[in-house]
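Q: Quick one, what's the 3D model for this:
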Amino acid sequence: MSAAFAHAALAIAAVLFNSLWEGALIAGAVWLGLRCLPKLGAATRYAIWLCALAALVLTPLLTVSLSAQPSATVTDAAVTNQQSDFFIAPGPRQQPRPQPRSYAPQALPEPASAASEPIPAAPRKAQILIPQSVAVAAALIWVLVACARALLLLLNVRALAAIRRDASLWSAAHDYPIFLSDRVQAPCATGFLRAAIVLPASLVEYLRPDAVETIVVHEVAHLRRYDVWTNAFARVAEALLVLNPAAWFVMRRLSTEREIACDDWVVARTGAGDAFARTLAALVNSGGARAPIAAPSALGSRHSVVVRIERLLDSRPRRLRLSPSALGGALMLLALIAFTVQSVSPVLAYEQPQQSMLARGSAAAGCAVPNRGAQAIFFRGIKTRTGSPPYGADLPDPDKLVAKFGAANVATFDLTVDATGHPRKVVVLSAPRYPGMVKHVTHILMANTFLPALHDCAPVATTTRTALRFGTPVANVSSIVVPAYPKGWSTRHASACKVPTLLHTGVPAYPDAMKNMSVDARYTASVRVHLDATGAVTNAAVVAPSGQPAFDDALLDAARQATYPLKDETGFKPVRPSGAKLTWNAAHGSDTFVNCKPLPTDYVWNTTFSRIVPIGILGFSALVLWQ
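A: Numbering: from 1, shown residues only. Prediction:
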């Protein structure tokens, strides 16, 4: 699993976790506040619940984005950091065990001013460790369910557009067009830029004209209050919060308060509260009318209709305008909650097997060295892979390396290593004057794992000034040549005559024009070669250029001058297929296909040019190259 995917899964899981308890806190606080203010109008209550829904989306995101911190508290005491020359001589290739990484959102510690000065202490938050599989499962479930909800919303919007397109114009009262359609079950207001009202065609047949008029006024209220826009926002937020029960509660309150606010509009405009209550009862009892989710409608759930009828029969005055004081107080309350939860919200992090291993290793050893600086890990082959504690060496002293090898061959930098042994920041102070060397040094160090510094036997984060010795970068060329066979060739010739894929690590020669290319630069190109019956090249062309003319010309020239079929004695070696035994090489030398007729007449050269630092010249970066 890639680091980016694991980090994204943990971030999504953290947002989901925080949204559950933070959403319950926000919804509960708003509900309690509105219970204490029973005289607020429905329009104000709707606006407050809409702000609460926005807070349900934004507060968990802010919590996760602002909760980055070092993975362990760093003490203010000085850490003894004994340093020595650190250089690995060329030796047998070993395969180090991959080190587990933590993908918890963490802030990068800043480098200290002194070489061995630890990082200042940061406020510590509670940390909840979860398995990576749990975070990935939660993220995948949320993605699938949220996408399904979003797809349903898009299909609903598309269906509404089709309904309006096919509906017939009935009236244009109240400055909005009113359409009739047999495809809609409940009255609804629709249209972001071209607002309109769509009524069921059967509605005007069995309801009295005054009842239809109250329904139209209700839908006009939706349009005048911009409920089409706020409903769209609420539905998008609902898709994002699809796994949050607090969001379900808020959405129900939003729907109810929106309809009550429009009912108040009907009463204020027509004075026919009793008549509209009877109309609502008739609509609900007429059958299973269902309103579309993408548009506000006069109908909702049966429970909400009962609540609305009770409010319509109430003789209290209707408040159509927003209350600025109540809305401002609600915003201040939500801001206070969002600010407070940032300091108390726990941080989700992956379980860190390596940290546990290091702690067990320190305990088993009796913590013989309670205070030391960060160390580079020496991999000891099988012992490391079987779970033995890793061994480390002190990071090199930059002054000693410069005095011994010269500043032109040494890179000096500040390296920040956290309490789990992972590098968090590299600040290169000086490096050999090769193009791309600063990026190369940073990449090497960030790909490694170290032993963290210890203070009183506890792993701590620290920043150390150290250095690496570099050799002169060298060119690396690798050509893989694939014979191309016409269709049906294998059925007409013995498989033993088939020329295998060939590899050459020295052809073509490295172009002089590319000797100043950046360290770690990599270019690839492909050339296709056609031969006649005698094996002479009749045509060669670049089919996939690298963008470097010198590279492409060198490859094309080498492909033209090669002798076909390509042989072992000229440096081309057959590429052993994946899974084949080592004896395959002996059975597939050039003598097995050189006398086969006919030989392939087309070859494709796939060549890579790169500039690397040889293994064994570059300190502990050799360990990274082996990984």
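
Q: So the residue lying closest to Met251 once chain neighbours are set aside, which state does it fall into?
A: In this structure, Met251 finds its nearest non-sequential neighbour in Glu238, 5.5 Å apart by CB to CB, 6 or more residues apart in numbering. C-beta: built from backbone N, CA, C; applies to glycine. The three-state label given to Glu238 by DSSP: H, G, I helix; E, B strand; the rest coil is helix.

Q: Glu238 touches Ala247, doesn't it?
A: Yes. Glu238 is in contact with Ala247 according to CB atoms under 8 Å; the separation is 6.3 Å.

Q: wait, Ile197 sits on Ala221?
A: No. Using CB under 8 Å, Ile197 makes no contact with Ala221, being 10.7 Å away.

Q: Do I have it right that Ala475 meets Ala513?
A: No. Using CB under 8 Å, Ala475 makes no contact with Ala513, being 12.0 Å away.

Q: so where do the strands sit in the stretch 151-300 of the chain?
A: 168-171, 178-181, 188-190, 196-200 (DSSP state E, counting those that start in this stretch).

Q: As JSON lines, these with mean pLDDT and distance to Arg318 would be great.
A: Formatted as JSON lines, the strands of the stretch 151-300 of the chain follow (pLDDT from 0 to 100; distance: least, CB to CB, whole Å):
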{"stretch": "strand 168-171", "mean pLDDT": "83", "distance to Arg318": "26"}
{"stretch": "strand 178-181", "mean pLDDT": "88", "distance to Arg318": "24"}
{"stretch": "strand 188-190", "mean pLDDT": "87", "distance to Arg318": "20"}
{"stretch": "strand 196-200", "mean pLDDT": "88", "distance to Arg318": "22"}
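
Q: hey, which of those strands is tucked in deepest?
A: Ranked by mean neighbour count, the strands of the stretch 151-300 of the chain are led by strand 188-190 with a mean of 26 (mean count of other CB atoms under 10 Å).

Q: That one: how far from the chain's middle?
A: Here strand 188-190 is found 37 Å from its chain centre; the criterion is CA atoms, centre = their mean, to the nearest Å.

Q: now do stretch 323-331
A: Computed by CA atoms, centre = their mean, the chain-centroid distance of stretch 323-331 equals 37 Å.

Q: go on, stretch 245-260?
A: That offset, for stretch 245-260, works out to 31 Å (CA atoms, centre = their mean).

Q: tell me which residues in it are buried?
A: For stretch 245-260, the neighbour count (16 or more other CB atoms under 10 Å) marks 246-247, 249-251, 253-260 as buried.

Q: again with stretch 444-458
A: 444-445, 448-455, 458.

Q: repeat for stretch 215-231
A: 215-223, 225, 227-228, 230-231.

Q: all helices of the stretch 1-150 of the chain, in order?
A: Applying DSSP state H, counting those that start in this stretch to the stretch 1-150 of the chain gives helices spanning 3-35, 42-66, 132-166.

Q: sorry, back to before: nearest to Ser546, of the buried residues of stretch 245-260?
A: Ala247 (52.1 Å; CB to CB).

Q: Which residues are in contact with that closest one?
A: 19, 23, 53, 56, 237-238, 241 (CB atoms under 8 Å, 6 or more residues apart in numbering).

Q: lowest average confidence, helix or strand, in the chain?
A: One helix or strand of the chain scores below all others by mean pLDDT, DSSP states H and E: helix 621-626, with a mean of 32.

Q: deepest of the helices of the stretch 1-150 of the chain, which one?
A: helix 42-66 (a mean of 22).

Q: got a pLDDT number for the residue nearest to Met251?
A: Confidence at Glu238, expressed as pLDDT, is 91.

Q: cool, and Gly328?
A: 92.

Q: Neighbours of it, how many?
A: Neighbourhood size, Gly328 [other CB atoms under 10 Å]: 10.

Q: For the helix or strand in which it is found, enumerate the helices and strands it packs against.
A: Element membership of Gly328, judged by DSSP states H and E, is helix 324-344. Applying 3 or more CB pairs under 8 Å, 6 or more residues apart in numbering; DSSP states H and E, one finds that helix 324-344 contacts helix 3-35, helix 42-66.

Q: Please name whichever of these is nearest to Val537.
A: Of all the helices and strands packed on helix 324-344, helix 3-35 sits nearest to Val537, with 44.9 Å by CB to CB.

Q: Including distance to Val417, could the helices and strands packed on helix 324-344 go into JSON lines?
A: Converted to JSON lines, the helices and strands packed on helix 324-344 look like this (distance: least, CB to CB, whole Å):
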{"stretch": "helix 3-35", "distance to Val417": "17"}
{"stretch": "helix 42-66", "distance to Val417": "24"}
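
Q: Save those helices as a markdown table, and put in mean pLDDT too.
A: Formatted as a markdown table, the helices and strands packed on helix 324-344 follow (pLDDT from 0 to 100):
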| stretch | mean pLDDT |
| --- | --- |
| helix 3-35 | 90 |
| helix 42-66 | 91 |
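
Q: that older thread, and the strands of the stretch 151-300 of the chain: which comes nearest Ala403?
A: Comparing the strands of the stretch 151-300 of the chain by CB to CB, strand 188-190 comes nearest, at 78.7 Å.

Q: Which neighbouring elements make contact with the closest one?
A: Partner elements for strand 188-190 (3+ CB pairs under 8 Å, 6+ apart): helix 132-166, strand 196-200, helix 209-224, helix 227-240.

Q: Export the second one to CSV, keeping only CA atoms.
A: Looking back up the chat, that one is strand 196-200. C-alpha atoms of strand 196-200 as CSV (Å, rounded to 0.1, in the frame of the first residue of the first chain):
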residue,chain,number,x,y,z
ALA,A,196,-40.4,27.5,-11.6
ILE,A,197,-43.1,25.5,-9.8
VAL,A,198,-44.1,22.0,-10.9
LEU,A,199,-47.5,20.7,-9.7
PRO,A,200,-48.9,17.2,-10.2
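
Q: what's that strand in contact with?
A: With CB under 8 Å, 6+ apart as the criterion, strand 196-200 contacts 160, 163-164, 167, 170, 176-182, 184-190, 212, 215-216, 219-220, 223, 289.

Q: hmm, try it at 6 Å
A: 167, 176-181, 184, 187-190, 219 (CB atoms under 6 Å, 6 or more residues apart in numbering).

Q: Nearest to Val482, out of those: which one, please.
A: Scanning the contacts of strand 196-200 for proximity to Val482, where the rule is CB to CB, the winner is Thr190, at 59.6 Å.

Q: so that closest one touches Ala159, yeah?
A: No. With contact defined as CB atoms under 6 Å, Thr190 does not count as touching Ala159 (10.7 Å).

Q: quick revisit: next, the angle from the helix holding Gly328 to helix 3-35.
A: Angle, helix 324-344 to helix 3-35, by axes from the mean of the first three to the mean of the last three CA atoms, to 10 degrees: 140 degrees.

Q: quick one: buried residues of helix 324-344?
A: Across helix 324-344, burial judged by 16+ other CB under 10 Å covers 326-327, 330, 333-334, 337-338, 341.

Q: next structured bit after that helix?
A: That would be, after helix 324-344 and using DSSP H and E, strand 347-350.
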